[in-house]
Structure formats: C-alpha cells, structure tokens
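Engineer: Give me a model of this one.
(4 chains)
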2 protein chains.
Amino acid sequence: MNEVSATPAAPTESRAEIVTAAATCFMRRGYDKTTIDDIADALGATKGRVYHYFRSKSAIFFAVYREAMRYCFEAVEPIVAMPLPARERLHRMCQAHAMVMMTTLSFQRGIKQGLEIYMRGPTTEAERESFAELQALRDRYEGLFRKVLAEGTAAGDLHAPDIPLAGRVILSALNGLPDWYRPRGDGDRIEAIAADMAAILMSGVAARDTGTGPQA
Amino acid sequence: MNEVSATPAAPTESRAEIVTAAATCFMRRGYDKTTIDDIADALGATKGRVYHYFRSKSAIFFAVYREAMRYCFEAVEPIVAMPLPARERLHRMCQAHAMVMMTTLSFQRGIKQGLEIYMRGPTTEAERESFAELQALRDRYEGLFRKVLAEGTAAGDLHAPDIPLAGRVILSALNGLPDWYRPRGDGDRIEAIAADMAAILMSGVAARDTGTGPQA
DNA sequence: AACTCAACATACTTAGTAGTATGTAGTCAA
DNA sequence: TTGACTACATACTACTAAGTATGTTGAGTT
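Structural biologist: Numbering: from 1, shown residues only, chains lettered A, B, ... in the order given. I've put the predicted structure just below:
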C-alpha cells in the first residue's frame, strides 16, 4: 500500500479550481484574449500553478470542454432511456439541455469560441487527438437527440423527415442560449425560458388551428 | 468640377476585394488566427495595401460584418412588407435567411467568432463606436422577425407568447447553419435545407395528429 | 517635363503572451 | 534530520503579429 501515495485531496481540488477559473475567464474575456496570467490572477496564484497541472493553454480549454459536455450528458442521457413516448422524452431533453446551458453558463459560453479556434487548424499532434476526442463526444451527444427523433418518427408521435437536420436545428437553437441569456436575480425564470424554448421546438411558432388542411 | 477627382473605379474595387479576401480568411482560419499578412497573401499583395484602406484589423472585421448584414437585409427586409399573412411571411423570411447563410457562407462564418471577441471588451473608442453600430444593425434585423411574429400572433395565424424568445430561437437555429453546413457540388440542395429548416421552425418536430386535444 | 498624389511595397519597431527554467517552502517517510 | 518530492512562485526567453515609417511606381495635371 505504500507504492502509490494516498491520493491527497488538495491537488485534485486545485486542478478543478483552475478549470472553473478558466471557464469564468473564457466567458468574460473570450478564449483567445484570456491569458494564462488572467486565469492565475483569478485564483490569486501565478502561472506556475497553472502550468504545474496543465501542459498548455489548449489543455485547459479541453478540460473546460469536457466538463461542459459532462454536465450536458448528466442532464440529458438519463431521459433517453425513460419509459416514455419519444415525443415526451425529446421535450424533456430540450428542456434539460436549455437548463444546463443556463446553470453552467460560464462553461458553455467559454467553449463556443474556443472550439471554433481549434476547429480550423489543430497545430500539434496532441491537440489533434484531444480535438478528435471532443468531436466524438459532441457527435455522441447529438446522437442522443437523433436516436429519440428516429424512434419518435418511427412511432408516429414525432415528425422529422430529415433527422440529422432536425437535430441540428434543435441543438443550434438551444446552444444559442449562452449568446443572449444573462443571469438575473430571480431563480425560476430559467425554467420558464427552458420550457418555452422546448415548446417552440416541439410545436413551432405557427398557430395550430389554421392550416389544418385545405378544406375550402 | 476639378476640386474632387473623378472617382476612379479601381480603389473601390480594391477595397471590396480586401473585404472579400478577409471574409474567406476569417472563415478558414478564424478571425484571431488570421493575420493581416494572410489577407494580403490571399490577394497576392502585402500589408501595405491592406493598411492603405483600413486603419486596423478590427476595421476590416467591421467591414465584413456590415457586408454580411447587408446580404441579410436585402434578402429578408422585402418580405416583411409583402401583402401576405404573417405566417407565410415568417416562413419565407426563415427560408431566405437560411439561404443567405449558405450562399454567403464565408461572410457569415467569419463573423460569428469575431463578434464574440469584440463583445467582451471593445478596447479603443473607435471600436466601441463601430461595435455599437453593428449591434444596432443586428437589433434592427431581429426586429424584423419580432415585428412579423407580433403581427401574426395578433392576427392569430402565429402563436408566440414570448416574442423576443421566439425570435431568438429562430435566429439561433438558422445562424447555426455556418457551423455545420459545408457546400457541395449540387446547387439546389441548399434550397431543400432552407425549406426543411423553415418548416421545422414553423411547425416543430412534434407530429400533428397526436396531442390535438385531451379527447379520451 | 517637372510636380503631385494615390496606391501600393518594403523594412522596421514593439508589445503582449505562451511556454520554460529555475528557485523555494512545506510535508512525509525512514 | 535529512533526503526527496510535491506544489507551487519567480524570472526569463522567444516568438508572433499588429501597427508604423518610409520608399517606389505609375498615372494624371499643367
């Protein structure tokens, strides 16, 4: 039992603190304008601490991204397997995803920019690997929505002729949240927002009673 | 008539060429990773030419943004005043906006990142002004959608309890296009994409025949 | 035919920042 | 108590890229 030192709680916490601080900085100043010193300052520390846990700035970003995706999976994945009609599951998934966007705003917001940056030209080999991993995570996540969309279309309670497209529309709409949502004091407004967005994506903005058929 | 030299066609063209080249570079490498030299190289020119027409890198970005917004307005604004039900106008607006996103992809894509960057902390006074101008443009554009949404909700052929939210959902979904759409050889597939997206936003992904009422 | 000025090209400066190399305080084992 | 190692801090390097200062060329103007 003496071969591996008993895991000290401190370093893991310290690492997590860095990730959280980085997410906050990314949200405020954007990824590229955030310097390592900014992150260190936010912790009341210096570069040394950051580079003790992360090899590069991109490594920090990847950690933030993974965290953000983890939040999404934790909220949405359980819904997929629920014994409910696909329509109801999709509705709840949209709501859950919207909620995550708002409750973990700093993480989600920090990502949007950074991913774009690495999507263009992953420079080093290590970056390329990490990027591929994140891309796979993202694809798997989108796959959850496509799966339910397909099940619902087959069952008849959903209508999505082009499933990949429908998935992209839904996720694009929900992922737009960090662009305009700004937290306020009141706590439950976010649930109303999430519910409203899910309703629009499920039923659209067209009124129901008109256009039900060409019955002149 | 000799006070102002007859406007030579060349400089205006040259300036426009720079904007187009910049948009392409922004799309490929992203805004921040695009250097002035990259833009110059794309033109077979040098820094000198770029800085002859633009004071700074941000000035180039703002020009690209203005172009992109111009494309949007030209496609969507005429539809607003058409003598059609709001529902039909909104449907066409969505389609038109989607089309613009795909046909002017380089412009639209280059923007998404850059705007985020300047949204955080506009440094200089000039940047602040330009940014405010672009923000106003964007607000006015979103206003077009809100206007039609409001008219339709009043008339009863649209259903949008929260009009600002509905507008954001629609535009977020459509603005996600540059993130995943990649042009192919075939020409008219983009029209099918635009039509499908508009249909989803108008009618949602839920099937019509279920849930029409609690008629057990 | 010298003059001017626009439209660039060339060469240089400089600031900001990622990454590195090294120093140091505290801790734990034997 | 001392060695070793972790968890940082401090000091430094190197490079990228925006911006500038200056040179050059060609087309009008008179």
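Engineer: Which strands or helices does the helix or strand bottoming out on mean pLDDT in chain A pack on?
Structural biologist: Within chain A, no helix or strand scores below helix A:105-120, which has a mean of 80 by mean pLDDT, DSSP states H and E. In terms of contacts (3 or more Cβ pairs under 8 Å, 6 or more residues apart in numbering or on different chains; DSSP states H and E), helix A:105-120 is packed against helix A:9-29, helix A:57-80, helix A:125-155, helix A:177-180, helix B:105-120. (Glycine included, C-beta is placed from N, CA and C.)
Engineer: Reformat these into JSON lines and put mean neighbour count next to each item.
Structural biologist: As requested, those are arranged in JSON lines below (neighbours: other Cβ atoms under 10 Å in any protein chain shown):
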{"stretch": "helix A:9-29", "mean neighbour count": "18"}
{"stretch": "helix A:57-80", "mean neighbour count": "19"}
{"stretch": "helix A:125-155", "mean neighbour count": "16"}
{"stretch": "helix A:177-180", "mean neighbour count": "18"}
{"stretch": "helix B:105-120", "mean neighbour count": "21"}
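Engineer: if we compare the ones you listed, which one ends up closest to B:D162?
Structural biologist: Between B:D162 and the helices and strands packed on helix A:105-120, the tightest spacing by Cβ to Cβ is seen for helix A:177-180, at 12.8 Å.
Engineer: got the contact list for the least confident helix or strand of chain A?
Structural biologist: Under the criterion Cβ atoms under 8 Å, 6 or more residues apart in numbering or on different chains, residues A:20, A:22-27, A:30-32, A:58, A:61, A:64-65, A:67-68, A:71, A:100-101, A:127, A:131, A:134, A:175, A:177-179, A:181, A:183, B:28-30, B:32-33, B:112-113, B:116-117 lie in contact with helix A:105-120.
Engineer: same thing with stretch A:44-61?
Structural biologist: Counting contacts by Cβ under 8 Å, 6+ apart, the residues outside stretch A:44-61 that touch it are A:11, A:14-15, A:18-19, A:22, A:26, A:31, A:36-37, A:39-40, A:43, A:63, A:110, A:114, A:118, A:126-127, A:130.
Engineer: Quick check: which element contains the residue of chain A found nearest DNA strand D?
Structural biologist: Taking Cβ to the nearest atom of the strand as the measure, chain A has A:G48 as its residue closest to DNA strand D, at 2.0 Å. Using DSSP states H and E, A:G48 sits in helix A:47-53.
Engineer: now do the same end-to-end measure for stretch A:98-107.
Structural biologist: Separation of the first and last residues of stretch A:98-107 by Cα to Cα, to the nearest Å is 14 Å.
Engineer: Pull out the buried positions in that stretch.
Structural biologist: Neighbour-count burial for stretch A:98-107, counted by 16 or more other Cβ atoms under 10 Å in any protein chain shown, picks out A:98-102, A:104-107.
Engineer: which residues of chain A score low on pLDDT?
Structural biologist: When residues are selected by pLDDT under 70, those of chain A lie in A:1-10, A:121-122, A:187, A:209-216.
Engineer: hang on, the earlier thing: tell me the angle the least confident helix or strand of chain A makes with helix B:9-29.
Structural biologist: Calculated by axes from the mean of the first three to the mean of the last three Cα atoms, to 10 degrees, helix A:105-120 forms an angle of 110 degrees with helix B:9-29.
Engineer: Next up, the contacts around A:L201.
Structural biologist: Residues A:94, A:169-170, A:173-174, B:169, B:204-205 are the ones in contact with A:L201 under the rule Cβ under 8 Å, 6+ apart.
Engineer: A:M202 too?
Structural biologist: A:M202 touches A:87, A:90-91, A:94, B:204-206, counting by Cβ under 8 Å, 6+ apart.
Engineer: mind running it again at 6 Å?
Structural biologist: By Cβ atoms under 6 Å, 6 or more residues apart in numbering or on different chains, the residues touching A:M202 are A:91, B:204, B:206.
Engineer: out of those residues, who's nearest A:L158?
Structural biologist: B:A206 (6.2 Å).
Engineer: burial measure for that closest one, as a count.
Structural biologist: As a burial measure, B:A206 scores 23 neighbours (other Cβ atoms under 10 Å in any protein chain shown).
Engineer: can you tell me how far the residue nearest to it when sequence neighbours are not counted sits from B:R146?
Structural biologist: Nearest residue to B:A206 in three dimensions, chain neighbours excluded: A:M202, at 4.5 Å (Cβ to Cβ, 6 or more residues apart in numbering or on different chains). Per Cβ to Cβ, to the nearest Å, A:M202 is found 21 Å from B:R146.
Engineer: Put together CSV for the buried residues of stretch A:98-107, with distance to B:R138 on each row.
Structural biologist: Shown next, in CSV, are the buried residues of stretch A:98-107 (distance: Cβ to Cβ, whole Å):
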residue, distance to B:R138
A:A98, 22
A:M99, 26
A:V100, 26
A:M101, 21
A:M102, 22
A:T104, 26
A:L105, 21
A:S106, 23
A:F107, 25
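Engineer: re earlier: so which of the contacts of helix A:105-120 also contact DNA strand C?
Structural biologist: The subset of the contacts of helix A:105-120 within reach of DNA strand C, by Cβ under 7 Å from any atom of the strand, is A:S58.
Engineer: show me what contacts A:E67?
Structural biologist: A:E67 is in contact with A:F107, counting by Cβ under 6 Å, 6+ apart.
Engineer: go with 7 Å
Structural biologist: In this structure, A:E67 makes contact with A:19, A:107, judged by Cβ atoms under 7 Å, 6 or more residues apart in numbering or on different chains.
Engineer: Output the set of residues of chain A in proximity to DNA strand C.
Structural biologist: A:2, A:33-37, A:47-48, A:51, A:55-58.
Engineer: Try it again at 6 Å.
Structural biologist: The interface of chain A toward DNA strand C, taken as Cβ under 6 Å from any atom of the strand, is made up of A:2, A:35-36, A:47-48, A:51, A:56-57.
Engineer: List only those of those residues flagged as buried.
Structural biologist: When burial is judged by neighbour count using 16+ other Cβ under 10 Å, the buried members of the residues of chain A next to DNA strand C are A:36, A:57.
Engineer: which of the residues of chain A next to DNA strand C sit farthest apart?
Structural biologist: Those two in the residues of chain A next to DNA strand C that are separated most widely, counting by Cβ to Cβ, are A:N2 and A:T35, at 40.9 Å.
Engineer: Phi, psi for A:R182 please.
Structural biologist: Reported as degrees, to the nearest 10, the phi and psi values for A:R182 are phi -120, psi 130.
Engineer: Count the neighbours of it for me.
Structural biologist: In terms of burial, A:R182 registers 7 neighbours under the definition other Cβ under 10 Å.
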